[in-house]
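Peer 1: structure here, sequence nowhere to be found:
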């Protein structure tokens, strides 16, 4: 792939431009660039978007838009991507815990994880500890991710971690939590592997774990 | 809120309590004869706004706890006719319904919490054109049935502050379109955003005109909920381009008609938006969520008397216990009480992980700081 083609892909994501991304994707594929390389160019763009979000240059609106533009690009690439590369980082089970119906943060995290190369199993909202356990047993993910917006939901986060321990699944997965209520102090207390300040940081932590 | 000498700052719970919290407190010592009712229907209106299960207007509980009150003038900014409410699915724990605003939502039966929102009435410009018909500012159902000179006199003699809140531009936009679709529209169809906000400005001003011009309103405010732990949902430059022009129009109308306190309700970290709110004619912010980094002391030092403040007392401290409560109040209240221009209050609705005993302790400590012992 030429430098110019790579730049066009990256820029289209950063500029949140789905028209430009479609043109750049189709152009690159037509010129014989492997889909995996095209995806790399787009992923670089998402990394820049993530950095801009952390630098408070981009906000939730830009993050959501970038995620949608990225998804549209992946749809174009899908027929050309070999399965293993599309989901190369493994599985993540994600959900908002029982009693909590918030899904914006969870959905954003799921989008960022998916576009980063994870296969995401989204359990939805109001997810009981037993459902997390059952999904973990069934799907054998590398990571279990929980979202909790409300302080009253933290009990359920703790219950889920306990349930994973009691069923012998805890040592087989990494556990990451996020949401307005989640704090480093709480995370240490209940023994999770990471507490994400936001979806961007959460996706970055998961990618680091997958690459380790 | 005029920074005048007073006997004490307001002793109140400005946002109120979740229903679940009060139900739990019945098992922890709150007498069960202390009735809870929904905020919404006023004895004068027989109407209510589609709303969440919060109890900010509960007189009996407020009276029992000895809290001071405000009077919410009941204007209905919702759609008329209402969308027909329809329950689509029901389980032991929850139900999915189309509510009266046309929003498909998932609500818990077993607890009161912010619902999960699944689908929305506006997806296209055509949907927006259709829904406009439900927002006629002249619809008589928007005002109390007893709206008259007599009612105006009643409010003129009120011994508590009288005001109301209204869905702001971001708040109404997300109600109509859902947060994700609404945010994407800023990029995909910015003209539609302007059209919606322009329509909403005219609707707000025309709807509130009678009560504002009657001269009985002390405070009025925008409900936005446009920020979270990590900051605002849109950039300051998007706010400036898309929201500020319309803020000017509404706030100018309120100011011109003598409304002194213009509030914005937005949870989370609103710090980047404060200069823009002030520029847009807002002079009061709440609830100042502590876990999102909002601190009334810091904000007062930064903005001085330009910015009135409500809230900012950490609900987590109330859950943690007496020492945490003491530390929280000792850190903030001596300074803020001296400053004035502040209403101390928990930084959102009081949640159910706050034991009743802790809340009573909090009220006692608050009284000490306010000089009310």
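Peer 2: It's in. These numbers were taken from a predicted model, which means no experiment stands behind them.

Peer 1: now do residue B:230 against residue B:268, distance only.
Peer 2: From residue B:230 across to residue B:268, the span is 8 Å (Cβ to Cβ, to the nearest Å). Quick note: C-beta positions are derived from backbone N, CA and C, even for glycine.

Peer 1: just list the residues touching the residue in chain B that chain A sits nearest to, thanks.
Peer 2: The minimum distance from chain B to chain A, using Cβ to the nearest Cβ, falls at residue B:116 (3.3 Å). By Cβ atoms under 8 Å, 6 or more residues apart in numbering or on different chains, the residues touching residue B:116 are A:101-103, A:125-126, B:105-107.

Peer 1: how about the residues of the stretch 251-373 of chain B by chain A?
Peer 2: The stretch 251-373 of chain B comes close to chain A at residues B:268, B:272, B:291-292, B:315-316, B:319, B:351-353, as judged by Cβ under 8 Å from any Cβ of the partner chain.

Peer 1: next SSE after the lengthiest strand in chain A?
Peer 2: Ranked by residue count under DSSP state E, the longest strand found in chain A is strand A:90-96. Where DSSP states H and E defines the elements, the next helix or strand beyond strand A:90-96 is helix A:104-115.

Peer 1: need the residues of the stretch 251-373 of chain B next to chain A in TSV with neighbour count and secondary structure, can you?
Peer 2: Listed next are those as TSV, based on neighbours: other Cβ atoms under 10 Å in any protein chain shown; DSSP: H, G, I helix; E, B strand; the rest coil:
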residue	neighbour count	secondary structure
B:268	23	coil
B:272	16	helix
B:291	18	helix
B:292	20	helix
B:315	24	helix
B:316	18	helix
B:319	20	helix
B:351	22	coil
B:352	23	coil
B:353	20	coil
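
Peer 1: among those, which two are most distant?
Peer 2: Pairwise distances among these were taken by Cβ to Cβ; the largest, 31.1 Å, belongs to B:272 and B:352.

Peer 1: now the strands for the stretch 101-250 of chain B?
Peer 2: Using DSSP state E, counting those that start in this stretch, the strands of the stretch 101-250 of chain B run over residues B:104-108, B:116-119, B:162-167, B:219-223, B:227-228, B:231-232.

Peer 1: now render these as TSV, adding distance to residue A:141 and mean pLDDT.
Peer 2: What follows is those, written out as TSV (distance: least, Cβ to Cβ, whole Å; pLDDT from 0 to 100):
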stretch	distance to residue A:141	mean pLDDT
strand B:104-108	25	87
strand B:116-119	23	86
strand B:162-167	40	95
strand B:219-223	39	96
strand B:227-228	27	92
strand B:231-232	30	94
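
Peer 1: and the residues of the stretch 251-373 of chain B next to chain A as JSON lines, adding pLDDT?
Peer 2: Below are these laid out as JSON lines (pLDDT from 0 to 100):
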{"residue": "B:268", "pLDDT": "93"}
{"residue": "B:272", "pLDDT": "97"}
{"residue": "B:291", "pLDDT": "90"}
{"residue": "B:292", "pLDDT": "92"}
{"residue": "B:315", "pLDDT": "96"}
{"residue": "B:316", "pLDDT": "93"}
{"residue": "B:319", "pLDDT": "95"}
{"residue": "B:351", "pLDDT": "92"}
{"residue": "B:352", "pLDDT": "90"}
{"residue": "B:353", "pLDDT": "91"}
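
Peer 1: and the longest strand of chain A, how far out from the chain's middle?
Peer 2: 9 Å (Cα atoms, centre = their mean, to the nearest Å).
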